[in-house]
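Participant: Quick one, structure for this:
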Amino acid sequence: MKLNAIHHVAIIVSDYEAAKDFYVHKLGFEVIRENYREQRKDWKLDLKVGDGAEAIELEIFGEQNPPKRVNRPEACGLRHLAFRVADIEVAVAELEQVGIACEPIRYDAYTNNRMTFFFDPDGLPLELHE
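Facilitator: Residues are numbered from 1 along each chain as shown. Model prediction:
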């Protein structure tokens with residue numbers, strides 16, 4: 001089997017409106033579709049991340065009362081999402097303008113690329129990688 005690319009990443013959020021505001025209005029992801037799923041009593045928001053052939057989808061599932069995310073010690077499974085940016089200093093400044101704090105910019109020990117972390121409303125670590 002040859003896997004060509006990641007098609008989408010799905011995350012569950014505890015506050016759908018807060019997550020929508022964060023990912024759409026603050027991070028600027030484009031809405032592909034938004035649906036209320038009556039049978040599951042939840043919202044599903046599909047967002048476009050990137051452009052062209054490299055674009056992927058980020059699926060946001062607004063569940064009622066999901067279990068809290070394990071923070072420390074980290075559990076098996078998704079550790080964080082990383083987004084590629086052309087200029088990390090510009091990206092950090094844009095996040096700060098909409099009230100999102102980032103950790104100090106540092107160098108990845110293996111790639112020697114600059115990186116930083118910030119968090120979504122549920123505490124999911126998000127990385128910017130230059």
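
Participant: Break the chain down into its domains, please.
Facilitator: 1-67, 69-130 (automatic domain parsing).

Participant: quick check: mean pLDDT across the shortest one?
Facilitator: Meaning domain 69-130. Averaging pLDDT along domain 69-130 yields 92.

Participant: all helices of the protein, in order?
Facilitator: Shown for the chain, the helices assigned by DSSP state H span residues 16-20, 88-97.

Participant: which residues does residue 26 contact?
Facilitator: By Cβ atoms under 8 Å, 6 or more residues apart in numbering, the contact list for residue 26 reads 95, 98-100. Using the backbone N, CA and C atoms, a C-beta is placed for each residue, glycine as well.

Participant: Out of these, flag the one nearest to residue 13.
Facilitator: Nearest to residue 13, judged by Cβ to Cβ, of the contacts of residue 26 is residue 100 at 15.8 Å.

Participant: where do the strands sit along the chain?
Facilitator: Counting by DSSP state E, the chain has strands at residues 8-13, 30-37, 42-49, 56-62, 81-84, 106-107, 114-119, 125-129.

Participant: Just give the strands next to the fifth one in its sheet, each with its orientation.
Facilitator: This means strand 81-84. strand 125-129 (parallel) (DSSP bridges).

Participant: Can you verify my assumption that residue 102 contacts residue 116?
Facilitator: Yes: taking Cβ atoms under 8 Å as the definition, residue 102 is a contact partner of residue 116 at 4.7 Å.

Participant: tell me, what's touching the two both at once?
Facilitator: 92, 128.

Participant: on that earlier part again, just the buried ones from the contacts of residue 26?
Facilitator: 95, 100 (16 or more other Cβ atoms under 10 Å).

Participant: now for the contacts of residue 26, which pair is the farthest apart?
Facilitator: Most distant of these, by Cβ to Cβ, are 95 and 99, 8.3 Å apart.

Participant: do you know which of the helices of the chain lies nearest residue 124?
Facilitator: Using Cβ to Cβ, the helices of the chain put helix 16-20 closest to residue 124, at 9.5 Å.

Participant: Not counting the closest one itself, show me its contacts.
Facilitator: 13, 42-43, 45, 60, 62, 120-122.
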